[in-house]
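Trainee: I'll drop the sequence and a predicted model, then ask my questions.
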Amino acid sequence: MVQAIDLAKRYKHGRKPVNALDGVDFVIGKGEIIGIVGPSGSGKTTLLNMIGGLDRPTQGRILVDGQNLGELDDGKLAEYRLKKIGFVFQFYNLISTLNAAENVELPMLLSKVSREERENRSRELLGEVGLAMRVDHMPDELSGGEQQRVAVARSLSNNPSVILGDEPTGDLDSKSAKHLMELLWDLRRDKKVTFVLVTHDPLVVSKCDRVFSIRDGKILREIVPKQKEKIVSDEERLSMDTLY
Amino acid sequence: MSAPAGGGGAPRAFGGGGAGTFATFFSGGGSNLEQSVVGAIQNLTGVSTASPTFSTTGYVDGTSAFIEGIDPSTYSAAAGALNIVSGTDLSNSSIANQIVLGQSFATNIGLSPGMTINVGPNSTGGAQYTVVGLYSTGNSFTERFAYVTLANAQAIAGKPDKVSEVYVKADNPNEVSTLTTEISDSFPGLTAIAPSTFTGAAAGLAGTLTSFFTIIGLTALLAGGFGVVNTMMMSISERTREIGALKAIGAKRSQIMGIFMSEALLIGVIGGFVGVGIGLLFCWVLPSFTGAATTSRFGGRAGGAGGLFGGALNAAPTPEIVLLSLGLGVIVGVLSGIYPAWRASKMNPVEALRHI
């Protein structure tokens, strides 16, 4: 479970103070798929980074499975990210000198998992994302959709509690994006992993259990399934203003 | 007796009769020393042997050469025997006009023991000499000296009763310095030089060369180190997003440092092996560039730069040198990688992930 209590992040851009997050409260249950939407600079990625332990709050608390991330030092945060979190980025961020299997093995390597176990698990995960025949391919030999699926498999390496996606479909065509979301949906069902996805993509929004709309560092509203159905039905006429 | 200071004879190993068993030094100078000085030096207290030499130039079988006249009965005792590799040394035998040639010189002009050749001050004419033996020094320059008896050399130069140098062997090696001073004082115009003078100068030169090459080497290491630092910093800059991704998936600072330090170590190891390989290759080809003395002056084929160095330069790489070079390459690589690896480990993952 992920819980934010009066979460804030303030910093200075030159002399000008910036409230990237300004008092955010939410609770995310285990196995939920949460979407975060908002205009550029609204604090979406900052919120994701807070949950992922990549950044520290200026105020408030962020708890993941009861652990207050603010109490962890840099080393403990790295360990938290390794064991509890999986990241899926817009531009995949695979290691270009490693093949698909080696990229998936990377978090396990950092966790000092044995070689045999790493290899077995990476092949298993790549099979689950539909890339069993591509395990030895280098990232530049894979399509965008395939690379993103490798990234998803990598994010699952250490059986995380939460997978954070920053525009996971941002660099994919609609067909690949659809396949990816179906994959995430299946994984949520099979592995009970919590997904928190920053997105501008209505397709992703349509797959979320709940959607947080953020503007100026605050959660303006939370869109629940009933309202989401309306969005889906009006998808073709959907405008970003309506969504936000 | 007055004579210009300084010797002009064939360079020979000091104490050539055996390492450290006796001290031998030159005494005399120029080619105008009266031969009678030899007896006077021999009669000095503490002198075991005094052996005269006469140096001149001439032609051996039409090829110009350095001609060294020696007294066969005393030369070996004072200056050390020639390393005869074929035939015999000069002797007081019944053979008149004997000549001993350097092996490489003889080979170049097609001479061997038993042959009769013309030797004289000019390229034509001269007297008939018998090649009785060939010697080797391992140095093509010093093998350009042709040895004849003292009287023969004097005759070739037209300077009877003249000597160029006197090799002196002391009864007691510890008395060399005293004898040197006594001879210089007793015979004005003569310069007595002990081997230690040359070895000291040679040691000094060697020391200077060592310091010079050490500075060159350190400069090269420093430049190499900066090169590694620069290369790694560029690599880190290009891989900023990768570093951010590694940190995002849970890599610790120590693990990031370990990755880049490993790369630096690998650069050092590869660089060390490549450097040693190039160095060994250079050692292998060095004699080709510095060997084969220029014999064109003597009518033979011109060779490499041996004339400049007095013969081929041979590098002698030892296992210790090779290991030291490898070790230095590794050390420079590792030390140079510390700062870049530290910078990578300190990167803020949020900023790194935003890097384009």
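Mentor: Sure, I can see it.

Trainee: how much space is there between the residue lying closest to A:V64 once chain neighbours are set aside and A:Q90?
Mentor: Once flanking residues are discounted, A:V64 sits nearest to A:V2: 5.3 Å by C-beta to C-beta, 6 or more residues apart in numbering or on different chains. In this view, the C-beta of every residue, glycine as well, is placed from N, C-alpha and C. A:V2 sits 21 Å away from A:Q90, going by C-beta to C-beta, to the nearest Å.

Trainee: do you know how far the closest residue to chain B within chain A is from B:A316?
Mentor: Chain B sits closest to A:L82 of chain A, with a gap of 2.6 Å, by C-beta to the nearest C-beta. Look at A:L82 and B:A316: by C-beta to C-beta, they are 55 Å apart.

Trainee: quick one: which of the two has more around it?
Mentor: Shown here are A:L82 and B:A316; by other C-beta atoms under 10 Å in any protein chain shown, A:L82 has more neighbours (23 against 6).

Trainee: which SS state does the closest residue to B:D61 other than its chain neighbours fall under?
Mentor: Nearest residue to B:D61, sequence neighbours excluded (C-beta to C-beta, 6+ apart): B:I117, at 4.1 Å. Three-state call for B:I117 (DSSP: H, G, I helix; E, B strand; the rest coil): strand.

Trainee: Tally up the residues packed near B:I117, please.
Mentor: 21.

Trainee: Run through the bridge partners of it.
Mentor: Assessed by DSSP bridges, B:I117 has beta-bridge partners B:Y129.

Trainee: Now do the contacts for it.
Mentor: By C-beta atoms under 8 Å, 6 or more residues apart in numbering or on different chains, the residues touching B:I117 are B:V60, B:D61, B:I99, B:L111, B:Q128, B:Y129, B:V131.

Trainee: Could you check the pLDDT of it?
Mentor: The model reports B:I117 with a pLDDT of 93.

Trainee: Break down chain A into its helices, ranges please.
Mentor: A:44-51, A:74-84, A:100-110, A:115-128, A:144-155, A:174-191, A:202-207, A:225-233, A:240-243 (DSSP state H).

Trainee: just so I know, which of the ones you listed lies nearest B:R144?
Mentor: Of all the helices of chain A, it is helix A:100-110 that lies closest to B:R144, at 67.2 Å by C-beta to C-beta.

Trainee: Next, the angle helix A:74-84 makes with that closest one.
Mentor: Interaxial angle, helix A:100-110 versus helix A:74-84 (axes from the mean of the first three to the mean of the last three C-alpha atoms, to 10 degrees): 130 degrees.

Trainee: what's the neighbour count on residue 40?
Mentor: Reading this off chain A. A:S40 - counted by other C-beta under 10 Å - has 7 other residues nearby.

Trainee: oops, chain B please
Mentor: With other C-beta under 10 Å as criterion, B:A40 counts 16.

Trainee: about what we covered before: give me the buried entries from the contacts of B:I117.
Mentor: Neighbour counting with 16 or more other C-beta atoms under 10 Å in any protein chain shown marks B:V60, B:D61, B:I99, B:L111, B:Y129, B:V131 as buried within the contacts of B:I117.

Trainee: who's in contact with the first one?
Mentor: Right, B:V60. B:V60 neighbours (C-beta under 8 Å, 6+ apart): B:I67, B:I99, B:L101, B:I109, B:L111, B:I117, B:V119, B:A146.
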